[in-house]
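Would you be able to build a 3D model of this:
(one chain, ligands or ions: 1)
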Amino acid sequence: MQWIAFATVRSAENAPEMLSYRHAFHAGNHADVFKHVTQLALLDYLNQKDKNYYYIDTHAGAGLYALTKGYAAKNTEYESGIGKLWQRHDLPEILARYVALVKTFNPGGALCCYPGSPLLAQRVMRAGDKSRLFELHPADYDLLTECCADKIKNKQVYVQKADGFTGIKAALPPPLRRGLVLVDPAYEVKSDYISVIRMLREGLLRFATGIYAVWYPLLSRPEVSVLAEKLEKLPFKTWLHVTLIVQKPAANGFGMFGSAMFIGNPPWTLAETLGRELPYLTERLRQDDAACFSVKTS
Ligand SMILES: C[S@@+](CC[C@H](N)C(=O)[O-])C[C@H]1O[C@@H](n2cnc3c(N)ncnc32)[C@H](O)[C@@H]1O
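The predicted structure is shown next:
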């Protein structure tokens with residue numbers, strides 16, 4: 001197991017505006033749980049067929065996050081995310097697999113480390129499957145390459161310090177012609193909401209049959225509802241739009257009250273699979289009476 005080495009904190013004054021976000025502050029929170037459970041369900045589906053595939057992560061993050069020290073320990077967001085599932089013995093199928101996977105990164109038994117999307121993917125991908133990862137933040141890029149060193153060496157994983165929104169063009173269509181694209185920006189700049197749609201439009205022209213999974217936060221901001229509407233109008237043959245609300249929106253309009261996943265070209269089994277897991281997950285992650293989920297299909 002490799003731990004991330006903590007990077008020097010870039011001060012907000014020195015960091016370029018769009019790179020002030022560090023996922024380590026949020027690792028393992030309710031949004032990560034929802035996103036990674038969906039990701040796992042998608043990879044499980046791809047693994048069912050004896051044909052290799054590409055996993056593309058346009059915003060990969062640092063790979064592996066320490067929870068009990070450094071950034072994640074500041075707000076302990078993981079306690080209301082993965083922490084709510086850690087000791088449970090009554091988890092439904094995919095959630096049980098997800099928690100078991102996270103446990104493989106915590107061999108001591110205590111929850112002290114959380115794998116991000118690229119490392120979770122690598123744990124379930126097979127020898128011939130390949131990953132292509134984009135991460136723009138220099139410190140997180142370094143941490144990511146450290147975590148993936150072995151897989152980079154044997155050419156299963158290719159990591160680029162590049163803009164995932166534009167860099168993906170060169171990655172599509174993937175040579176294996178089967179694949180999952182995870183789109184998980186920080187949405188710290190308003191242009192991310194626009195870039196997601198532009199990227200998906202271009203992606204669809206190059207790789208129309210790929211599975212595209214987009215995560216976005218539920219916030220009381222107009223950009224979020226515009227994004228949700230635009231996603232459903234994209235020319236996917238089929239799509240699935242899932243939300244998980246954990247608390248009522250704050251009266252002052254600030255803060256994330258849940259998150260959503262939009263999946264373009266979803267496996268036909270996904271709505272049913274998530275429909276089985278989400279009642280339990282919502283109950284565990286609920287922070288007040290407003291907690292609920294929704295599953296919408298095209
Ligand atoms: C939400 S985090 C990713 C978390 C990761 N996908 C996971 O689930 O573990 C978003 C990441 O995107 C990076 N980032 C921001 N803008 C980017 C861009 N244009 N291209 C690639 N990465 C970017 C940030 O540095 C951050 O690490």
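
Check the burial of N75 by counting its neighbours.
12 (other CB atoms under 10 Å). (C-beta placed from N, C-alpha, C; glycine too.)

now do V181
Residues contacting V181 under the criterion other CB under 10 Å number 26.

Tell me the strands beside the helix or strand containing it, with direction?
Secondary structure from DSSP states H and E places V181 in strand 179-183. Strand 179-183 sits in its sheet next to strand 54-57 (parallel), strand 211-218 (parallel), going by DSSP bridges.

Surely L281 touches V37?
Yes - L281 is within contact range of V37, at 6.9 Å (criterion: CB atoms under 8 Å).

Quick check: neighbours shared by those two?
Common neighbours of L281 and V37 (criterion: CB atoms under 8 Å, 6 or more residues apart in numbering): L95.

what does the stretch 51-200 of the chain put close to the ligand?
Counting by CB under 6 Å from any ligand atom, the positions of the stretch 51-200 of the chain adjacent to the ligand are 57, 59-61, 116-117, 134-137, 140, 163-165, 184-186.

Around R286, how many other residues sit close by?
Residues contacting R286 under the criterion other CB under 10 Å number 18.

For the stretch 101-250 of the chain, which segments count as strands?
In the stretch 101-250 of the chain, the segments counted as strands under DSSP state E, counting those that start in this stretch are 113-115, 130-134, 157-160, 179-183, 211-218, 239-245.

Now, of the residues of the stretch 51-200 of the chain next to the ligand, which are buried?
Among these, the ones that count as buried by 16 or more other CB atoms under 10 Å are 57, 59-61, 116-117, 134-137, 140, 164-165, 184-186.

For those residues, which two are the farthest from each other?
G116 and F165 (18.6 Å; CB to CB).

so what's the residue of the chain found nearest the ligand up against?
Here the residue of the chain nearest the ligand is G116; by CB to the nearest ligand atom that distance is 2.6 Å. By CB under 8 Å, 6+ apart, the residues touching G116 are 23, 27, 32, 60-65.

Identify all contacting residues around the helix or strand bottoming out on mean pLDDT in the chain.
Here the helix or strand of the chain ranked lowest by mean pLDDT, DSSP states H and E is helix 71-75, holding a mean of 83. Contacts to helix 71-75, defined as CB under 8 Å, 6+ apart, come from residues 6, 22, 24-28, 65-67, 78, 114.

could you dump those residues to a markdown table with secondary structure?
Putting the contacts of helix 71-75 into a markdown table (DSSP: H, G, I helix; E, B strand; the rest coil) gives the following:
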| residue | secondary structure |
| --- | --- |
| F6 | coil |
| R22 | coil |
| A24 | helix |
| F25 | helix |
| H26 | coil |
| A27 | coil |
| G28 | coil |
| Y65 | strand |
| A66 | strand |
| L67 | coil |
| Y78 | helix |
| Y114 | strand |
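
could you flag which of those residues are buried?
Neighbour-count burial (16+ other CB under 10 Å) is assigned, among those, to 22, 24, 26-28, 65-67, 78, 114.

Could you dump these into a markdown table and include distance to T243?
Converted to a markdown table, those look like this (distance: CB to CB, whole Å):
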| residue | distance to T243 |
| --- | --- |
| R22 | 25 |
| A24 | 25 |
| H26 | 18 |
| A27 | 21 |
| G28 | 20 |
| Y65 | 25 |
| A66 | 30 |
| L67 | 26 |
| Y78 | 21 |
| Y114 | 23 |
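
Which member of the residues you listed is positioned nearest L91?
Of those, the one sitting nearest to L91 (CB to CB) turns out to be G28, at 15.8 Å.

correct me, but that closest one touches L67?
Yes - look at G28 against L67 with CB under 8 Å: they come within range, at 6.1 Å.

and for these two, which residues touch both?
Residues touching both G28 and L67 (CB under 8 Å, 6+ apart) are 78, 114.

for the stretch 51-200 of the chain, what are the low-confidence residue spans?
For the stretch 51-200 of the chain, no stretch is flagged by pLDDT under 70.

Now do the helices in it.
71-75, 93-104, 117-124, 138-147, 149-153, 164-167, 191-206 (DSSP state H, counting those that start in this stretch).

Quick check: bridge partners of I211?
Beta-bridge partners, per DSSP bridges, of I211: L180.

Run through the residues that contact it.
Taking CB under 8 Å, 6+ apart, one finds 42, 46, 179-181, 263-267 in contact with I211.

which secondary structure elements does the lengthiest helix in the chain contact?
Counting by DSSP state H, the longest helix found in the chain is helix 30-47. With contacts taken as 3 or more CB pairs under 8 Å, 6 or more residues apart in numbering; DSSP states H and E, helix 30-47 sits against helix 93-104, helix 117-124, strand 179-183, strand 211-218, strand 239-245, strand 258-264, helix 270-285.
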